[in-house]
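Participant: build the 3D model from these lines:
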Amino acid sequence: MSHSLTLLFLIAAGIGLVIQNTIMVRITESASTILIAMLLNSLVGIVLFSAILLIQHGSAGVSELFGAVKWWTLIPGLLGSFFVFASINGYQHAGAATTIAVLVASQLIGGLVMDVARSQGITLRELAGPVCGAILLVAGAWLVARRQF
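Facilitator: Here you go, the predicted model:
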């Protein structure tokens, strides 16, 4: 996949996340619990991906799925569910801009730490640009989060 197409997908995903969370807040407001919105979100994913797996790989795909289940393979689902919960809660109580700013800044910090940990001896000079960018993004997130409407 080309770099341009990858960036386009990331932009579309970011915009889609704003739309998704806005709709999920609306579902939550018309239901008795946030769990309704989260379960509807998960149900759609489960049905969609199950259908794609069956169409592409048939029963062999289902067998592979069950064979791949280990305790640690459930961690991404737990983290993803927590992300969705935190996002909906953030949209409800802090607003979309603050939620997005804090999430993006924290993801960047986590991503930088992960990249440095996985790198083979990154130099301080190579790290200077990304760290400066992260500082600016965190400062921007702080400015957005402290605003009052």
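Participant: what residues does stretch 117-133 touch?
Facilitator: Stretch 117-133 has contacts (Cβ atoms under 8 Å, 6 or more residues apart in numbering) with 108, 112, 115, 116. Glycine gets a C-beta too; all of them are placed from N, C-alpha and C.
Participant: among those, which are in helices?
Facilitator: Counting by DSSP state H, the part of these found in helices is 108, 112, 115, 116.
Participant: derive a ChimeraX selection command for the buried subset of these.
Facilitator: For the buried members of these, the matching ChimeraX selection, counting by 16 or more other Cβ atoms under 10 Å, is:
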select :108
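Participant: save the ones in helices among the contacts of stretch 117-133 as JSON lines, and put in pLDDT and distance to residue 51 too.
Facilitator: Shown next, in JSON lines, are those (pLDDT from 0 to 100; distance: Cβ to Cβ, whole Å):
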{"residue": "108", "pLDDT": "93", "distance to residue 51": "35"}
{"residue": "112", "pLDDT": "91", "distance to residue 51": "37"}
{"residue": "115", "pLDDT": "88", "distance to residue 51": "35"}
{"residue": "116", "pLDDT": "89", "distance to residue 51": "40"}
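Participant: what is the helix or strand hosting residue 43 packed up against?
Facilitator: Per DSSP states H and E: residue 43 is located in helix 34-68. Judged by 3 or more Cβ pairs under 8 Å, 6 or more residues apart in numbering; DSSP states H and E, the packing partners of helix 34-68 are helix 3-29, helix 75-93.
Participant: with mean pLDDT and distance to residue 35 added, can I get those helices in JSON lines?
Facilitator: Below are these laid out as JSON lines (pLDDT from 0 to 100; distance: least, Cβ to Cβ, whole Å):
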{"stretch": "helix 3-29", "mean pLDDT": "94", "distance to residue 35": "9"}
{"stretch": "helix 75-93", "mean pLDDT": "95", "distance to residue 35": "9"}
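Participant: could you dump these into CSV with mean neighbour count added?
Facilitator: Conversion of the helices and strands packed on helix 34-68 to CSV gives the following (neighbours: other Cβ atoms under 10 Å):
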stretch, mean neighbour count
helix 3-29, 13
helix 75-93, 14
